[in-house]
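In: What would the 3D arrangement of this be:
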Amino acid sequence: MIQPLGYWLFNRTASFFPDPARGISLMNWGFSVAGVIVFYYAARALVGERMARLGSAVYATVFYAWFSGDVHSTYASQLLAPVLVFELLLLHLREPRLRYLIGASVAFGLGAGFRPTEGAFVGFMFVYYLLRRASRKHAAISFSLAALVCLGWLVPTALCYRRRGGIGQVWPYLASVTTQASILAHGPTRNTIANMVRFSVALVFALGPLLPCTLSTCRDLRRPEVVLLWLWIIPGALFRVLSYMSDAPYLDFITAAVLLLALLGLRGSTRKRRAVLLGSCLAWYLVFFLFFRPVLVRSRPFAVIDVYAGR
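Out: Predicted structure coming up:
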């Protein structure tokens, strides 16, 4: 199970392949490619065809996202699941049909199953939308379906832990992990500051030039899609900064939202500025991912970049 709550759904899906290791590779390639495709459709609905194409190329090459698609871990599932939930909610916002909410409920439940922590964070966006934008009947159906899908992996996960005699260790483990590097629990120590630096370095190194555009959308919170995107980002980002952050691929689950907001923030810019900014990000990702080597200099800033971004 790796660690509580484990990744039962991810491992069980891989087990259906004749070679589970090859199956994980195929799954992650599929998550990555499908995530870029869904991102493109979401971006096209928000900012139009031209920016959607360039934004999708940027999304496909963010260094830690690119890396996630080709390693045997669960990170890549979060390149697809959250943006799929958002796209289906966006479709429902523009054409309120139950089928879109059903799709969003299934996508949320499966995304949470493949990587439970990030799935829980996406739940804020999902629940808010159902409470504010869906009819009571449609919201009840969607809540019930999402709960049913989640039970489909939660129950087998609990049974696996029970059979191994470790279910009583799940919550103590989660409590220790979420507080060991938390500045809320321990104040400013080396560990808690390092935790915040891990988040900040990875995010700024990848999306720094676009963050001012992302933040500029705070002036447009009357738009429901902007509110949804910020609800997608804020709960998980706060948890990672204030509680526990590991390697850069932990940011996969918010990358699409940050980039979509950046595209919205760029809409008022000239075509040349948009092309230069997004094109320079794309070039930077390609160069960094393909040619990075550790910087062998005795310097803490270089060491931080080596470990928190380059590694």
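In: can you tell me which residue is nearest the centre of the protein?
Out: Phe253 (0.4 Å; CA atoms, centre = their mean).
In: give the contact list for that residue.
Out: Residues near Phe253 by CB atoms under 8 Å, 6 or more residues apart in numbering: Gln78, Ala81, Pro82, Arg115, Glu118, Phe121, Val122, Gly236. C-beta: built from backbone N, CA, C; applies to glycine.
In: pLDDT below threshold where in the stretch 151-300 of the chain?
Out: Counting by pLDDT under 70, the ranges of the stretch 151-300 of the chain that qualify are 165-170.
In: Can you list the residue ranges for helices in it?
Out: If DSSP state H, counting those that start in this stretch is used as the criterion, the helices of the stretch 151-300 of the chain fall at 170-180, 183-186, 190-207, 211-216, 224-242, 252-266, 271-291, 300-305.
In: For the first one, what is the distance to the chain centroid?
Out: Shown here is helix 170-180, whose average C-alpha point lies 21 Å from the average C-alpha point of the whole chain (CA atoms, centre = their mean, to the nearest Å).
In: Take that helix, keep the C-alpha atoms, and write them as PDB.
Out: C-alpha atoms of helix 170-180 as PDB (Å, rounded to 0.1, in the frame of the first residue of the first chain):
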ATOM      1  CA  VAL A 170      -3.400   4.800   9.500                       C
ATOM      2  CA  TRP A 171      -4.500   7.800  11.400                       C
ATOM      3  CA  PRO A 172      -1.500   8.100  13.700                       C
ATOM      4  CA  TYR A 173       0.700   7.900  10.600                       C
ATOM      5  CA  LEU A 174      -1.300  10.600   8.800                       C
ATOM      6  CA  ALA A 175      -1.200  12.800  11.900                       C
ATOM      7  CA  SER A 176       2.600  12.500  12.200                       C
ATOM      8  CA  VAL A 177       3.300  13.200   8.500                       C
ATOM      9  CA  THR A 178       1.000  16.200   8.400                       C
ATOM     10  CA  THR A 179       2.600  17.800  11.500                       C
ATOM     11  CA  GLN A 180       6.300  16.800  11.300                       C
END
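In: between that helix and helix 190-207, how many degrees?
Out: Here helix 170-180 points in a direction 80 degrees away from that of helix 190-207 (axes from the mean of the first three to the mean of the last three CA atoms, to 10 degrees).
In: Most widely separated two among the contacts of Phe253?
Out: Farthest apart among the contacts of Phe253 by CB to CB are Ala81 and Gly236. That separation is 12.6 Å.
In: mind checking the backbone torsions on Val62?
Out: phi -50, psi 130 (degrees, to the nearest 10).
In: wait, it sits on Leu203?
Out: No. Applying CB atoms under 8 Å as the test, Val62 and Leu203 come out as separate, 10.3 Å apart.
In: between these two, which one's more packed in?
Out: Using other CB atoms under 10 Å as the criterion, Val62 and Leu203 rank with Val62 on top: 26 against 22.
In: What pLDDT does the model give the more buried one?
Out: pLDDT for Val62: 95.
In: Pull the contacting residues for it.
Out: Counting by CB under 8 Å, 6+ apart, Val62 touches Ala206, Leu207, Thr255, Leu259, Tyr285.
In: Kindly indicate which of these lies nearest Leu91.
Out: Proximity of those to Leu91 (CB to CB) peaks at Leu259, which lies at 19.3 Å.
In: helix or strand for the residue nearest to that closest one when sequence neighbours are not counted, which one?
Out: Counting by CB to CB, 6 or more residues apart in numbering, Leu259 lies nearest to Tyr59, which is 5.6 Å off, once chain neighbours are set aside. Counting by DSSP states H and E, the element that carries Tyr59 is helix 49-61.
In: quick revisit: overlap in contacts, Ala81 and Gly236.
Out: Here Ala81 and Gly236 have Glu118, Val122, Phe253 as joint contacts, going by CB under 8 Å, 6+ apart.
In: any idea which of these is closest to Gly35?
Out: Of all those, Phe253 has the smallest distance to Gly35: 10.8 Å, by CB to CB.
In: any idea how far Lys137 is from the closest one?
Out: Distance, Phe253 to Lys137, by CB to CB, to the nearest Å: 30 Å.
In: what's the burial count for Val71?
Out: 13.
In: Not counting its neighbours along the chain, what's nearest it?
Out: Asn28 (7.2 Å).
In: Kindly report the same for Pro156.
Out: Once flanking residues are discounted, Pro156 sits nearest to Trp8: 5.4 Å by CB to CB, 6+ apart.
In: so who does the one you found touch?
Out: Contact analysis of Trp8 by CB under 8 Å, 6+ apart lists Met1, Gly113, Trp153, Pro156, Thr157, Cys160.
In: Wait, Leu278 touches Tyr59, no?
Out: No. Contact criterion CB under 8 Å: Leu278 and Tyr59 do not qualify, at 10.4 Å.
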